[in-house]
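**Q** Whatever this is, show me its structure:
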Amino acid sequence: MKSKTLVCVVLCQLVVLTWLTPAKGKGLLSNLMKQAETLSHGLDLASKVGDIGSHRNDVAFTAVTSSSTTYSRGSTIAFNTLKINYGNAFNRGNYRFTAPSEGLYVFSWSIATHSSYLGNNRLMRNSSIYHQLHCQKTYQQCGATVTMWLKRNDQVWVASGYSSIYVYATHSSFSGWKIH
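**A** Alright, predicted model coming up:
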């Protein structure tokens, strides 16, 4: 609809311009008509692409743990209660985020630990450690926020580190969103 409105405005301007300049009107009008046709064709193509000006690939999620649990070394933390899952890129079945498109993403996570456990945890990307955190043996909340470039279908999740970890329910969270 916007492209048709723009073409109408351009054509109206051409008619007025032609009316005001009678001596050169036919050559100018012909040239401007060709430009308007080219503009109309370009806008039509852009609307068919779909991504230009759209928010089709926007994603954002926040998930929290629903129960206090001890996770053994290398286990995926079960962020199984979704607060938001815009774009449906977070999977509650495997607790992983899957990038729907290539781009720059932000991930933030926070783990509430018990005083008997070290709070070592990792942000994983496609089975590789992207970032690690280490909390002391105290009742502590530790977390981080990172950016990373992902390709389509890359996966990101939070896992326990080199030791077991106790994660408190509802006080631990994992969030992510695409910024570019």
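
**Q** For this protein, just list every one of the helices.
**A** For the chain, applying DSSP state H gives helices covering 2-20, 25-49.

**Q** pLDDT-wise, which helix or strand of the chain ranks last?
**A** Least confident helix or strand of the chain, by mean pLDDT, DSSP states H and E, is helix 2-20 with a mean of 50.

**Q** got a list of what the closest residue to residue 168 other than its chain neighbours touches?
**A** Closest residue in space to residue 168, ignoring its immediate chain neighbours: residue 112 at 3.9 Å, by CB to CB, 6 or more residues apart in numbering. To be clear about C-beta, it is placed using only N, CA and C from the backbone, and glycine gets the same treatment. If a contact means CB atoms under 8 Å, 6 or more residues apart in numbering, then residue 112 has 139, 140, 141, 167, 168, 171, 172 as its contacts.

**Q** Point out where the chain drops to low pLDDT.
**A** When residues are selected by pLDDT under 70, those of the chain lie in 1-57, 117-118, 137-139.

**Q** between the contacts of residue 112, which is nearest residue 78?
**A** Nearest to residue 78, judged by CB to CB, of the contacts of residue 112 is residue 167 at 8.4 Å.

**Q** residues contacting the closest one?
**A** Neighbouring residues of residue 167 by CB under 8 Å, 6+ apart: 65, 68, 69, 70, 71, 77, 111, 112, 113.

**Q** And residue 70, by the same measure?
**A** 117, 164, 165, 166, 167.

**Q** Quick check: the farthest pair among the residues you listed?
**A** Across the contacts of residue 70, the longest distance by CB to CB is 10.3 Å; it joins 164 and 167.

**Q** Without its sequence neighbours, what residue ends up closest to residue 79?
**A** residue 63 (3.7 Å).

**Q** Would you mind measuring from that neighbour to residue 116?
**A** According to CB to CB, to the nearest Å, residue 63 stands 25 Å off from residue 116.

**Q** Name whatever forms a beta bridge with residue 150.
**A** Beta-bridge pairing for residue 150 (DSSP bridges): residue 103.

**Q** can I assume it is in contact with residue 99?
**A** Yes - counting by CB atoms under 8 Å, residue 99 is a contact partner of residue 150 at 4.0 Å.

**Q** Lovely, talk soon.
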